[in-house]
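Student: here is my input, please return the structure:
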Amino acid sequence: MSPKAQVKIDIRQACDKLLDRAENEIHLLKQEVERLSTEKDQQAHDSSQLIHQLRVEKAQVADQLRQSVTNTESAITTCQKLESEASQLKQQLHDAQHNQRDYVAWSEIQPIFSRIRGLFLTGNTLREELQAFENRYMGKQLPGDGVIQDSWSNPNVSFGMLDPSVLSGFAVTNNFALNTPQVPPLPGQYPALS
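Tutor: Numbering: from 1, shown residues only. Sure thing, here's the model as predicted:
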């Protein structure tokens, strides 16, 4: 074989080796590209799922935030209403305390009214007994049946107070003001006295 033919064969073999290596490299590159493409698709899919999950979480957080804002506004409104009611109750309590400064508790004045009632009953009883006694005494001073006295029968004579000399020997003391008007309590002002 000639050296030219040998060189051609050597070149050919070298070219075949280069082509084999190139094909092998191309095959490896294709595999690498496919692997990278698969990874890229997986990453894109994972990213898409992550984005979707983040959007769902964002929507949930937004709903929670809206609900929280609504609850906060409702709580603020309730607090304002309660503060207003508390202020009104405080004012009413202040007014009630201010108004009650001039009042006395019924438990404090009830015994006094009971004693006063007892005194009135005693006074009325004594007055009735005194009037009965005076009526009996005056009845003794009247003339008997069928006896006519000039001063009684005379229409021109005016009658007046009983002369104290008529009651000689009988001392009468008037410790009670019989003509003093007694003002009863208004109906419903106090509970029934016992």
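Student: from here on, just use CA atoms for contacts and neighbour counts.
Tutor: Noted.
Student: helix or strand next in line after the lengthiest helix in the chain, which one?
Tutor: As assigned by DSSP state H, the longest helix anywhere in the chain is helix 3-100. The C-terminal neighbour of helix 3-100 among helices and strands, as given by DSSP states H and E, is helix 106-141.
Student: any idea how many residues pack against Leu121?
Tutor: Leu121 has 12 neighbouring residues, counting by other Cα atoms under 10 Å.
Student: what about it, distance to Gln131?
Tutor: 15 Å (Cα to Cα, to the nearest Å).
Student: now for this structure, the helix or strand with the poorest mean pLDDT.
Tutor: Here the helix or strand of the chain ranked lowest by mean pLDDT, DSSP states H and E is helix 150-153, holding a mean of 52.
Student: remind me which residues of this protein are low pLDDT?
Tutor: Scanning the chain for pLDDT under 70 picks out the ranges 1, 100-104, 139-194.
Student: could you redo the last one with a cut-off of 50?
Tutor: 170, 172, 176, 178, 194 (pLDDT under 50).
Student: what separates Gln49 from Glu57, distance-wise?
Tutor: 12 Å.
Student: quick one: neighbours of Ser114, just the number.
Tutor: The number of residues packed near Ser114 is 13, by other Cα under 10 Å.
Student: do the same with the one 4 residues further on
Tutor: The burial count assigned to Gly118 is 13, neighbours taken as other Cα under 10 Å.
Student: roughly how far apart are Ile112 and Asn124?
Tutor: As judged by Cα to Cα, Ile112 and Asn124 stand 18 Å apart.
Student: likewise for Leu130?
Tutor: Leu130 is 10 Å from Asn124, by Cα to Cα.
Student: what does Gly118 give?
Tutor: Look at Gly118 and Asn124: by Cα to Cα, they are 10 Å apart.
Student: Gln97 now?
Tutor: 40 Å.
Student: also Glu85?
Tutor: Look at Glu85 and Asn124: by Cα to Cα, they are 54 Å apart.
Student: how about Lys4?
Tutor: In terms of Cα to Cα, Lys4 sits 169 Å off from Asn124.
Student: who has more neighbours, those two?
Tutor: Comparing Lys4 with Asn124 by other Cα under 10 Å, the one with more neighbours is Asn124, at 14 against 9.
Student: got the contact list for Ile76?
Tutor: Counting by Cα atoms under 8 Å, 6 or more residues apart in numbering, Ile76 makes contact with nothing.
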